[in-house]
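Q: With the input below, show me the fold.
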Amino acid sequence: MDKSDFQPDTRYTLVLRDAGGKVRPCTVYVFRIYDAFMVARPTGGDALLRKIAYPDVIKIVAAQPVAPADRYMVPAALLEEKIWRERDVMLHYATSPARGK
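A: Down below sits the predicted model:
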């Protein structure tokens, strides 16, 4: 896989190879696309932003663009490439009265 296979603000169901080498299914929301990796958030469970390298993606099972009203919002400074060069995971939690959370 490479950068051209992905688009920002899209939900993907992927087959990924984790750090331990195991193959796992994962549904993610992609925030940003960079040359060597993408910044995404798994749609279930934790609120962690993760750096996913393209070689770790084995297969794209499904892709669904997200409507502007349903997009996750994260401050742009947290998504900059320089922040993610030496980082794999970041905890970000935010609530929104407009979303009823």
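Q: I'd assumed residue 48 was in contact with residue 90.
A: Yes - judged on CB atoms under 8 Å, residue 90 makes contact with residue 48 at a distance of 6.8 Å. For the C-beta atoms, the positions are set from N, CA and C on the backbone; glycine is no exception.
Q: who has more neighbours, these two?
A: For the pair residue 90 and residue 48, the greater number of neighbours falls to residue 90 (17 against 14), based on other CB atoms under 10 Å.
Q: How much space separates that one from residue 12?
A: Counting by CB to CB, to the nearest Å, the separation of residue 90 from residue 12 is 19 Å.
Q: Show me the shaky parts of the chain.
A: Low-confidence segments of the chain (pLDDT under 70): 93-101.
Q: what about the longest strand in it?
A: For the chain, the strand that runs over the most residues, judged by DSSP state E, is strand 23-33.
Q: Show me what counts as buried in it.
A: 26, 28, 29, 30, 31, 32, 33 (16 or more other CB atoms under 10 Å).
Q: Could you do stretch 40-52 as well?
A: 40, 41, 42, 49, 50, 51, 52.
Q: so who does the nearest residue to the first one once chain neighbours are set aside touch?
A: Computed as CB to CB, 6 or more residues apart in numbering, the closest residue to residue 40 that is not its neighbour in sequence is residue 28, at 4.0 Å. Residue 28 makes contacts with 11, 12, 14, 40, 41, 42, 43, 50, 52, as judged by CB atoms under 8 Å, 6 or more residues apart in numbering.
Q: mind checking how far residue 28 is from residue 74?
A: Taking CB to CB, one finds residue 28 at 13 Å from residue 74.
Q: Please verify my assumption that residue 42 contacts residue 25.
A: No - here residue 42 lies out of contact with residue 25, judged by CB under 8 Å, at a distance of 10.7 Å.
Q: can you pull out the strands in this structure?
A: So, for the chain - with DSSP E - the strands run 10-17, 23-33, 37-42, 48-53, 57-65, 89-91.
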